[in-house]
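Trainee: Let's see this in three dimensions:
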Amino acid sequence: MIAPAFAGVILAAGYSTRMGRDKALLPWQNTNFLGAAIEMLFASTDLVIVVGGANVGSLKSEIYRRGAFLTINPDPSRGQFSSLQTGLQEVLNRGRDAAVVTLVDRPPISSATVAALTESFRIESRAGKWAIVPEVIDPATGMAKHGHPIILGREMIEFILKAPVTNNARDVMHAHQDRIRYVTVEDDNTIRNVNTPEEYAALLG
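Mentor: Prediction:
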């Protein structure tokens, strides 16, 4: 079996209404959320694609100076699933057959975690799996929380692209539950969303 060729996909076309400013450009360490996400994905992928929307004017310089590609969702109001479809189509257009998909509204996970997830996909795809989803176990409840980035193989990408734009990734993927491998990780950033100024302040604190 030919080894998968990975492309990173960052969904960054949201309106950030609850935050009040573009979450992609929130300062994070020596860069911002978008720059950190690009760096994170480049460690384990051949190329990185950023999906922007009405905010592309403010994102271009960050994307291009880091050697990533920009693709535009012409109507982000259709929802995050439309941005996912836009990004995955670009993955196929650029000749890759697997995608490492993350959201821009979070601090990056470690490069070691990304490497572990992509290696899991290499192994599990040989056993017929189409996707890898990271999960973190809550020590208080023992329950698993699923996060990002997710790894999607060509088969799952095709099903997502064929689905109506009114659908969502969870429903499409759960329709093929037996093709998903959940991988437990010890990296809380996989499940940490930052949607409000209060959540951002708590993260920095």
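Trainee: Could you report the neighbour count for the residue lying closest to residue 105 once chain neighbours are set aside?
Mentor: Distances taken as Cβ to Cβ, 6 or more residues apart in numbering place residue 23 nearest to residue 105, at 4.4 Å, with adjacent residues excluded. Every C-beta, even on glycine, is put in place using the N, C-alpha and C of the backbone. Applying other Cβ atoms under 10 Å, we find 25 residues neighbouring residue 23.
Trainee: Give the full set of residues in contact with residue 23.
Mentor: 14, 16, 33, 104-105, 194-195 (Cβ atoms under 8 Å, 6 or more residues apart in numbering).
Trainee: The residue most central in space within the chain: which element?
Mentor: Per Cα atoms, centre = their mean, the C-alpha nearest to the average position across the chain is that of residue 102, at 1.3 Å. Residue 102 is part of strand 98-103, with elements assigned from DSSP states H and E.
Trainee: Check which helices and strands that strand is in contact with.
Mentor: If contacts are counted by 3 or more Cβ pairs under 8 Å, 6 or more residues apart in numbering; DSSP states H and E, strand 98-103 sits against strand 6-11, helix 33-42, helix 80-93, helix 111-125, strand 150-153, helix 154-162.
Trainee: Could you check how far stretch 121-132 is from the centre of its chain?
Mentor: Here the centre of mass of C-alpha atoms in stretch 121-132, compared against the chain's by Cα atoms, centre = their mean, to the nearest Å, lies 18 Å away.
Trainee: Endpoint to endpoint, it covers what distance?
Mentor: One end of stretch 121-132 to the other measures 6 Å (Cα to Cα, to the nearest Å).
Trainee: Please narrow the contacts of residue 23 to those residing in helices.
Mentor: Members of the contacts of residue 23 lying in helices (criterion: DSSP state H): residue 33.
Trainee: What is the nearest of the contacts of residue 23 to residue 201?
Mentor: Distance to residue 201, by Cβ to Cβ, is smallest for residue 194 among those, at 9.7 Å.
Trainee: Can you check what angle separates the helix or strand hosting residue 133 from helix 154-162?
Mentor: Taking DSSP H and E as the criterion, residue 133 maps to strand 131-137. If you take axes from the mean of the first three to the mean of the last three Cα atoms, to 10 degrees, strand 131-137 sits at 90 degrees to helix 154-162.
Trainee: hang on, the earlier thing: Produce a ChimeraX select command limited to the buried residues of the contacts of residue 23.
Mentor: Burial among the contacts of residue 23 is assessed by 16 or more other Cβ atoms under 10 Å; the matching ChimeraX selection reads:
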select :14,16,33,104,105,194
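Trainee: Sweet, I'm off.
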